[in-house]
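# Make a model of this:
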Amino acid sequence: MKKEKHFSILKLIIFIILITALVIAYGFLIEPKLITVKEHKITVNNLPDNFNGFKIVHISDLHYGRMFDEDRLKKLVNSINEQKPDIVVLTGDLIDKDTNMTIDEANKISAELNKINSTSGKYAISGNNDLKFDEWTNIITNGGFIDLNNTYDTIYKDGYQNIFIAGASTLQDKQSINDKVKTSIDYLNSFDKNGPVYKILLLHEPDVIDDINVNPFDLILAGHSHAGQVRLPFIGAIYLPDGAKKYYESYYKLKNSDLYISNGLGVSDYNFRLFNTPSYNLYRIVKNK
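So this is what the prediction gives:
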């Protein structure tokens, strides 16, 4: 009887070790290489008919050069084009800080980014990892993206009314967030009426949101958090980087603004994701009937 009990305990220990090994292998070898799409419908009052159904694809934190390579970028581009987006936005950390960026590699990234199709534009801001690379601006520009660091643009679609989109570069460049968004907010405040019908702000680190006036913006998109990269049932995010310790889940309502945070497409610091599949977001802006 005693031998049977010891044998049962041994089987249980072996079973636990086996399951643990499989979970670890999955986190290292499988989950980081997946790509999913998270869809969100955003209902807007008084949205003009020409913007009803406007589609935004939001990508972030690819960390190209770590586990995200050219093949995965090609798959991402194909997936994005299947969505037929109106605009595509990138909220930083295109390149991983440990990447050996050669001219040939930079050209490969630009060539693939340039294949992303959108009807009304592609926009990018830098993340903290991107700061290491002088090539970032050329990669973005040659990839057909507008560098929206600390500036803004207006988007027209079949009419004279427009959507406003602003961006702020990573806080790691030491410039204050208020200085980064001042020009954009001053522009929005210049309208008594007949201003942009919808206002979007791109950030990398979501926690900076507490330091700015969010009232002028309807939609704020950020990245950086990776949603913790590893999430455990009933516990949630295990590790959160500076700049995403307060805001790291997928959605927050801040006064009249909607804040959405991408959980990212790559990995950072360690090549492991668990219960937190890499993804990009698709937002459908629809008129509130």
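
# Check the secondary structure at the residue nearest to Asp61 when sequence neighbours are not counted for me.
Nearest non-adjacent residue to Asp61, counting by Cβ to Cβ, 6 or more residues apart in numbering: Gly264, 3.3 Å away. Every residue, glycine included, has its C-beta placed from N, CA and C. The local conformation at Gly264, judged by DSSP: H, G, I helix; E, B strand; the rest coil, is coil.

# so how far is Val89 from Gly264?
14 Å (Cβ to Cβ, to the nearest Å).

# Next: Leu201.
Counting by Cβ to Cβ, the gap from Leu201 to Val89 is 10 Å.

# Spit out the residues that contact those two alike.
Common neighbours of Leu201 and Val89, counting by Cβ atoms under 8 Å, 6 or more residues apart in numbering, are Ile165, Leu221.

# okay, now Leu22: neighbour count?
If you count neighbours by other Cβ atoms under 10 Å, Leu22 ends up with 10.

# buried residues in the helix or strand where it lies?
In this structure, Leu22 is located in helix 2-29 according to DSSP states H and E. By 16 or more other Cβ atoms under 10 Å, the buried positions in helix 2-29 come out as Gly27, Phe28.

# And the strands in the stretch 51-200 of the chain?
Residue ranges of the strands in the stretch 51-200 of the chain, as given by DSSP state E, counting those that start in this stretch, are 54-59, 87-91, 122-125, 146-147, 151-156, 162-167, 198-202.

# Counting by contacts, list what the fourth one packs against.
Applying 3 or more Cβ pairs under 8 Å, 6 or more residues apart in numbering; DSSP states H and E, we find strand 146-147 packed against strand 122-125, helix 136-142.

# can you list the strands of the stretch 51-200 of the chain in TSV and add mean neighbour count, distance to Val286 and mean pLDDT?
Shown next, in TSV, are the strands of the stretch 51-200 of the chain (neighbours: other Cβ atoms under 10 Å; distance: least, Cβ to Cβ, whole Å; pLDDT from 0 to 100):
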stretch	mean neighbour count	distance to Val286	mean pLDDT
strand 54-59	24	8	98
strand 87-91	28	15	98
strand 122-125	27	21	98
strand 146-147	16	25	98
strand 151-156	17	17	97
strand 162-167	25	14	98
strand 198-202	24	12	98
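
# Just put those strands in a markdown table and tack on distance to Gly243.
Formatted as a markdown table, those follow (distance: least, Cβ to Cβ, whole Å):
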| stretch | distance to Gly243 |
| --- | --- |
| strand 54-59 | 18 |
| strand 87-91 | 12 |
| strand 122-125 | 14 |
| strand 146-147 | 21 |
| strand 151-156 | 21 |
| strand 162-167 | 16 |
| strand 198-202 | 15 |
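
# For Tyr260, find the nearest of those strands.
Nearest to Tyr260 among these is strand 54-59; the distance by Cβ to Cβ comes to 7.0 Å.

# mind listing what that closest one pairs with, with the direction of each?
Here strand 54-59 has these sheet partners by DSSP bridges: strand 87-91 (parallel), strand 279-287 (antiparallel).

# just so I know, which of those lies nearest Leu34?
Closest approach to Leu34 among these (Cβ to Cβ): strand 279-287, 8.4 Å.

# what's near enough to touch Leu201?
Ile165, Ala166, Gly167, Ala168, Val181, Ser184, Val214, Phe217, Leu219, Ile220, Leu221.

# quick one: it from Ile125, how far?
Relative to Ile125, and taking Cβ to Cβ, Leu201 is found at 10 Å.

# Now do the shared contacts for the two.
Common contacts of Leu201 and Ile125, defined by Cβ under 8 Å, 6+ apart, comprise Gly167, Ala168.

# What ranges does the stretch 51-200 of the chain have for its helices?
Per DSSP state H, counting those that start in this stretch, the stretch 51-200 of the chain carries helices over the ranges 70-83, 103-113, 136-142, 177-189.

# residues touching the spatially most central residue of the chain, list them.
Centrality entry for the chain: nearest residue to the mean C-alpha point is Ser60, 2.9 Å, by Cα atoms, centre = their mean. Contact partners of Ser60, counting by Cβ under 8 Å, 6+ apart, are Leu90, Thr91, Gly92, Asp93, Gly127, Ala222, Gly223, His224, Ser262, Gly264, Leu265, Tyr280.
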